[in-house]
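S.K.: Provided below for reference: sequence and predicted model.
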Amino acid sequence: MVYIRLKGGMGNQMFQYAFGQRMATELGVDLRMDLSQLLDRSRGKDFVYRNYDLTIFEVDHQFSISPTLLKTIYKVKSSTLSRNMKKWAATGKHFVKEPHFHVSEKILKNPIDNALYDGWWQSESYFESVAEEVRKRFKFRTPVLEKSQSLLAKISNANAICLNVRRTDFVNNSNLNSTNKNYFHDAADHLAERVASPHFFVFSDDVKWCAENLKLPFPTTFVEHDHKGEKFGNYMQLMRACKHFIIPNSSFAWWAVWLADYDKKLVVAPKNWFNDAQYDTSDLIPKTWIRL
């Protein structure tokens, strides 16, 4: 058995699941997900709490501890209780912590049975050997919403460029706030020189800001949140239907690109994924993507 500790938002959980699937496949064992950190609610009011978001995909929803039990226990918002739950989840297992942000070849080459893996695992290198299996697991459980079908047709019939902007929880985070409107304008100009008759489709957690600040000299459609669907899954399906991409430092957007079917896609990603230089992100962005 391989256990993977989930944390962060949907894109983070997808990286973690994909890495866990790689390790489980290497060993020929089952994969179980540990939600003891993800469902912890003892970190104070300013922490951005997340939930288990992989329910929109055809993944095998197997857990080391029942999510219902964890939610019940974590109603008692005690940091001591939360620490003990995480220790309990690791009891009797080899605990493997990601040593650094870039790929650890040592961990990749030495899969361990009955191990609990804890990390972000943000690189295609961590799961490329099981990429086709990962694509099957990340098949959406439901089709694009009926009310979004006309928008999907519009995207499919255009040289659609997905421009994704991440703001809300990034704006006041000095390490994560690594893009600005100049980046998006420069990226739009860069792709417009390479894509005939581009049509930009803007997806964001702050569509109002985008409409006010991204005045592009090209056809532009701002995709409102009535198209977001369950856990923004419909949003991701519409994003992945685009041919080309401009993304922020967002794992959600990263996966929309990776799941996209167009084989000649051009992708622009920010040169600095974090403002803190201690993080080596050279493995995070595929070599064919453009960094500005």
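M.R.: That came in fine, so what should we check first?
S.K.: ok, and E133, which helix or strand is that part of?
M.R.: helix 131-137 (DSSP states H and E).
S.K.: Sorry, slip of the keys, the one I care about is Y262.
M.R.: Here Y262 is assigned to no helix or strand, by DSSP H and E.
S.K.: Could you pull up the residues touching the residue nearest to it when sequence neighbours are not counted?
M.R.: Of all residues not flanking Y262 in the chain, K243 sits nearest, at 4.5 Å (C-beta to C-beta, 6 or more residues apart in numbering). C-betas here are computed from N, CA, C, even on glycine. Contact partners of K243, counting by C-beta atoms under 8 Å, 6 or more residues apart in numbering, are N159, A160, I161, V195, A260, Y262, K264, K265.
S.K.: how close does K243 sit to S148?
M.R.: Distance of K243 to S148, given as C-beta to C-beta, to the nearest Å: 18 Å.
S.K.: same check, this time on R43
M.R.: The value you get for R43 to S148, if C-beta to C-beta is used, is 35 Å.
S.K.: Who has more neighbours out of these two?
M.R.: Counted by other C-beta atoms under 10 Å, R43 and S148 do not tie: S148 has more neighbours, with 22 against 12.
S.K.: Name all residues that make contact with the closest residue to the more buried one other than its chain neighbours.
M.R.: Computed as C-beta to C-beta, 6+ apart, the closest residue to S148 that is not its neighbour in sequence is H227, at 4.9 Å. When contacts are counted by C-beta under 8 Å, 6+ apart, H227 touches L145, K147, S148, L151, N234, Y235, L238.
S.K.: Next step: those restricted to strands.
M.R.: Among the contacts of H227, none falls in strands (DSSP state E).
S.K.: closest to H94 among these?
M.R.: Distance to H94 across the contacts of H227 (C-beta to C-beta) is lowest for Y235, with 37.5 Å.
S.K.: Against A153, how distant is the closest one?
M.R.: Counting by C-beta to C-beta - Y235 and A153 are separated by 17 Å.
S.K.: of those two, who's got more company?
M.R.: Y235 (21 against 12).
S.K.: my read: the more buried one touches G229, true?
M.R.: Yes - with contacts counted by C-beta atoms under 8 Å, Y235 reaches G229, the gap being 6.5 Å.
S.K.: Name the nearest residue to K97, ignoring sequence neighbours.
M.R.: D118 (5.2 Å).
S.K.: Is S36 located within a strand, as I assumed?
M.R.: No - using DSSP: H, G, I helix; E, B strand; the rest coil, the assignment for S36 is coil, not a strand.
S.K.: What score does it have for pLDDT?
M.R.: Here the pLDDT value assigned to S36 is 97.
S.K.: list the contacts for it?
M.R.: Per C-beta under 8 Å, 6+ apart, neighbours of S36: R5, I65, L70, S82, M85, K86, W88, A89.
S.K.: count of neighbours near T68?
M.R.: Neighbour number of T68 under other C-beta under 10 Å is 9.
S.K.: and it, how far is that from V2?
M.R.: Distance from T68 to V2, by C-beta to C-beta: 23 Å.
S.K.: Okay, helices next: where are they in the chain?
M.R.: In the chain, the helices defined using DSSP state H lie at 10-27, 67-73, 79-90, 105-109, 131-137, 149-156, 181-192, 207-213, 233-240, 251-259.
S.K.: Using a markdown table, lay out those helices together with mean pLDDT and distance to D280.
M.R.: Listed next are the helices of the chain as a markdown table, based on pLDDT from 0 to 100; distance: least, C-beta to C-beta, whole Å:
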| stretch | mean pLDDT | distance to D280 |
| --- | --- | --- |
| helix 10-27 | 98 | 16 |
| helix 67-73 | 94 | 33 |
| helix 79-90 | 93 | 27 |
| helix 105-109 | 97 | 13 |
| helix 131-137 | 97 | 23 |
| helix 149-156 | 98 | 35 |
| helix 181-192 | 96 | 21 |
| helix 207-213 | 96 | 31 |
| helix 233-240 | 98 | 27 |
| helix 251-259 | 98 | 16 |
